[in-house]
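Q: What would the 3D arrangement of this be:
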Amino acid sequence: MGILDRLTEGAEKVAKQAEKALEQGKTKVEGLQFERQMDGLAKKLGYLELDAFRGREVDAAARQSYLDELAGLEDQIAELESATDPVEAEAPTAASAEAPAEAPAEAPAEAASEPKW
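A: Modelled structure (predicted):
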């Protein structure tokens, strides 16, 4: 194998890695867009629930629509995550491994306290 062959092979490897990184970036951006949409829907749903808490009339159809859209976006995010590299999707991060252990300890304290608004 000559130097030119090695250079060509190396360039092809770099091109494949760059293409893979670009696809991962596109997938990440798409996931972030879904999460932004979910945040907006969660905000709207939160305002509806606040209105219900304050005794105001709440449109049940709008509430259900928000819930259905949130569930659909969660499904789309799950599809994106399953389409990524299986090793990346299955490998838990340090933050995600700690989060479930902390959440149950805080939940009862928040449920027992009065709202802070």
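
Q: Excluding sequence neighbours, find me the nearest residue to the residue nearest the centre of the chain.
A: Among the residues of the chain, the one closest to the centroid is residue 35, at 5.1 Å (CA atoms, centre = their mean). Leaving aside its chain neighbours, residue 35 sits nearest to residue 77 (7.0 Å; criterion: CB to CB, 6 or more residues apart in numbering). Every C-beta, even on glycine, is put in place using the N, C-alpha and C of the backbone.

Q: quick one, phi/psi of residue 56?
A: When read as degrees, to the nearest 10, the backbone of residue 56 gives phi -80, psi 160.

Q: How much space separates the residue nearest to residue 35 from residue 44?
A: 18 Å (CB to CB, to the nearest Å).

Q: Just the helices from the chain, written as ranges.
A: 3-53, 60-83, 86-90, 94-112 (DSSP state H).

Q: and the residue nearest to residue 35, what is it in contact with?
A: 31, 34-35, 38 (CB atoms under 8 Å, 6 or more residues apart in numbering).

Q: ChimeraX command to pick out the buried ones of these?
A: Filtering the contacts of residue 77 down to the buried ones (16 or more other CB atoms under 10 Å) takes a single ChimeraX command:
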select :34,38
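
Q: and which of the contacts of residue 77 is nearest residue 57?
A: Distance to residue 57, by CB to CB, is smallest for residue 38 among the contacts of residue 77, at 25.6 Å.

Q: what number of residues lie near the closest residue to the closest one other than its chain neighbours?
A: Nearest non-adjacent residue to residue 38, counting by CB to CB, 6+ apart: residue 73, 4.9 Å away. Residue 73 has 19 neighbouring residues, counting by other CB atoms under 10 Å.

Q: Residue 74 now?
A: Counted with other CB under 10 Å, residues neighbouring residue 74 total 13.

Q: In terms of pLDDT, where does it sit?
A: Looking at residue 74, its pLDDT stands at 93.
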